[in-house]
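J.: Predicted model and sequence follow; I will ask about them next.
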Amino acid sequence: MVVAASVVVAVGTVTGMIRALDDGHGASAARPDASGATLLVPLPDVPSASNSPSAKASSSTRPKKTATSSTTTGTARKPHRTATVSPRLYRHPESQVLDWVHAHPDDPRTEVIESRIADQPAAVWFADFTPSTITSRVRAVTSGAAAQGRVPVVVPYAIPERDCGGASEGGAADFDAYDGWIDGFAAGLGSREVVVILEPDSIAQADCLSEAQRADRFEALARAGRVLKTADPKARVYYDAGHSDWNPAAQQAALLEQAGAASAASSDGIFSNVSNFHATSAEIAYDRQVLDALGGPASLGAVIDTSRNGNGAPTDGQWCDPAGRKIGRAPTLNTGEARIDGYLWVKLPGESDGCRGAAGTFTASYAYDLAR
């Protein structure tokens, strides 16, 4: 999308993110359109001098192969270690990146993409408004994670007036419909731990709405958090804080409070940097400022999208598949940082923002540049 501060880029029902769509293959199907992974060691945190926003994406699996094949120039390819996989977070077993890996076993880029992106856990997005199947599709993800004893990350993305009519427009027609969709979503959560990234852009990008529309949206978000946490008391629900180069912390906290993010009945805290590039260090500082301004229980924390922020944001403000970016810190729920509950891959590396490939599609050249 081209809106300056927004995060999600999508086409059609929504692309540019991992998602579980109602594809007509049965109510229990839950297949993401992309994959997620991370690096062997944390990439350097380069503070960003950018005043830009960004763009947005998705998860995978495949047995390891020995890497002795050669490149197109005949030079022996050095084996790459497999990235450390989180012992807790869930990796969905189907994705665009996995499809690409399976289809290109002899491509010289395959090993790097497989080990550093396809093998890592990433969020699963629910971005199409299909009320009749939402419960079964969410349950397919949460039950799959439960069978492995892992924690899934799910993204409800169907708020009315989503993306303010931008590239990711869509969602429910009205708030009555949205409330029903959230009820169905909650019914699929089960009873185990799950991380919910509730409606990216819905709060930070609310300035396009009238005062009455914002009030309706924030009421719906507060209700959504309560419904999700009532359905599954182990669910951890996080609200949209934008990112460190968007709204000032105090302003964002005031909006978050109106949406219920300061209440333990509906919220476990905030998320930031979804589909963006801002350095983890900048996001940690910003998120703590937002939490301090927000108030609420001391238990409130933050999760940060680190999928593409290994080199920080570009200084020229470019948001669409900018050159020189790298994958960031591996997904984990153990950050060692006070009030930072997790580093997550919400946008999947390799899903194009629309410049290196069609928006939301896996682009091998982009994934390889990010991962190598």
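T.: Yep, it's here. Since we're looking at a predicted model, the values are computed, not measured. Numbering: from 1, shown residues only.

J.: My understanding was that residue 353 contacts residue 318; is that so?
T.: No: if you go by C-beta atoms under 8 Å, residue 353 and residue 318 don't touch, sitting 9.8 Å apart. To be clear about C-beta, it is placed using only N, CA and C from the backbone, and glycine gets the same treatment.

J.: Report the buried residues of stretch 194-208.
T.: Within stretch 194-208, the residues that count as buried by 16 or more other C-beta atoms under 10 Å are 194-206.

J.: Would you reformat these as JSON lines and include secondary structure, distance to residue 275 and pLDDT?
T.: Formatted as JSON lines, the buried residues of stretch 194-208 follow (DSSP: H, G, I helix; E, B strand; the rest coil; distance: C-beta to C-beta, whole Å; pLDDT from 0 to 100):
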{"residue": "194", "secondary structure": "strand", "distance to residue 275": "21", "pLDDT": "98"}
{"residue": "195", "secondary structure": "strand", "distance to residue 275": "17", "pLDDT": "98"}
{"residue": "196", "secondary structure": "strand", "distance to residue 275": "17", "pLDDT": "98"}
{"residue": "197", "secondary structure": "strand", "distance to residue 275": "11", "pLDDT": "98"}
{"residue": "198", "secondary structure": "strand", "distance to residue 275": "15", "pLDDT": "98"}
{"residue": "199", "secondary structure": "coil", "distance to residue 275": "14", "pLDDT": "98"}
{"residue": "200", "secondary structure": "coil", "distance to residue 275": "7", "pLDDT": "96"}
{"residue": "201", "secondary structure": "coil", "distance to residue 275": "9", "pLDDT": "94"}
{"residue": "202", "secondary structure": "coil", "distance to residue 275": "14", "pLDDT": "98"}
{"residue": "203", "secondary structure": "coil", "distance to residue 275": "15", "pLDDT": "98"}
{"residue": "204", "secondary structure": "coil", "distance to residue 275": "12", "pLDDT": "97"}
{"residue": "205", "secondary structure": "coil", "distance to residue 275": "12", "pLDDT": "95"}
{"residue": "206", "secondary structure": "helix", "distance to residue 275": "18", "pLDDT": "96"}
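
J.: Let me see the ranges of the strands in the stretch 51-200 of the chain.
T.: 124-126, 153-156, 194-198 (DSSP state E, counting those that start in this stretch).

J.: Which among those is found nearest to residue 225?
T.: Closest to residue 225 of the strands of the stretch 51-200 of the chain is strand 194-198 (C-beta to C-beta; 6.5 Å).

J.: Packing partners of the very next helix or strand once past that closest one?
T.: Counting by DSSP states H and E, the next helix or strand C-terminal to strand 194-198 is helix 211-231. Where contact means 3 or more C-beta pairs under 8 Å, 6 or more residues apart in numbering; DSSP states H and E, helix 211-231 is packed against helix 175-187, strand 194-198, strand 235-240, helix 249-258.

J.: Can I get those in JSON lines including distance to residue 129?
T.: Converted to JSON lines, the helices and strands packed on helix 211-231 look like this (distance: least, C-beta to C-beta, whole Å):
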{"stretch": "helix 175-187", "distance to residue 129": "6"}
{"stretch": "strand 194-198", "distance to residue 129": "16"}
{"stretch": "strand 235-240", "distance to residue 129": "19"}
{"stretch": "helix 249-258", "distance to residue 129": "24"}
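
J.: right, and the ones you listed - which one's nearest residue 113?
T.: Closest to residue 113 of the helices and strands packed on helix 211-231, according to C-beta to C-beta: strand 194-198, at 24.3 Å.

J.: tilt between the closest one and strand 235-240?
T.: 20 degrees (axes from the mean of the first three to the mean of the last three C-alpha atoms, to 10 degrees).

J.: Buried residues in the lowest-mean-pLDDT helix or strand in the chain, which are they?
T.: Ranked by mean pLDDT, DSSP states H and E, the helix or strand of the chain with the weakest confidence is helix 96-103, at a mean of 92. By neighbour count on 16+ other C-beta under 10 Å, the buried set for helix 96-103 is 96, 97, 98, 99, 100, 101.

J.: swap in stretch 147-158?
T.: Under 16+ other C-beta under 10 Å, the buried positions of stretch 147-158 are 150, 151, 152, 153, 154, 155, 156, 157, 158.

J.: Pull it out as PDB, backbone CA atoms only.
T.: Output of stretch 147-158 as PDB, limited to C-alpha atoms (Å, rounded to 0.1, in the frame of the first residue of the first chain):
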ATOM      1  CA  ALA A 147      -0.600 -31.800  18.600                       C
ATOM      2  CA  GLN A 148       3.000 -30.600  18.500                       C
ATOM      3  CA  GLY A 149       2.900 -28.900  21.900                       C
ATOM      4  CA  ARG A 150       3.700 -25.600  20.300                       C
ATOM      5  CA  VAL A 151       2.200 -22.100  20.400                       C
ATOM      6  CA  PRO A 152       0.600 -20.800  17.200                       C
ATOM      7  CA  VAL A 153       0.500 -17.100  16.200                       C
ATOM      8  CA  VAL A 154      -2.800 -16.100  14.500                       C
ATOM      9  CA  VAL A 155      -3.800 -12.800  13.000                       C
ATOM     10  CA  PRO A 156      -7.500 -11.800  12.800                       C
ATOM     11  CA  TYR A 157      -7.700  -9.300   9.900                       C
ATOM     12  CA  ALA A 158     -11.300  -8.400   9.000                       C
END
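
J.: Many thanks, we can stop here.
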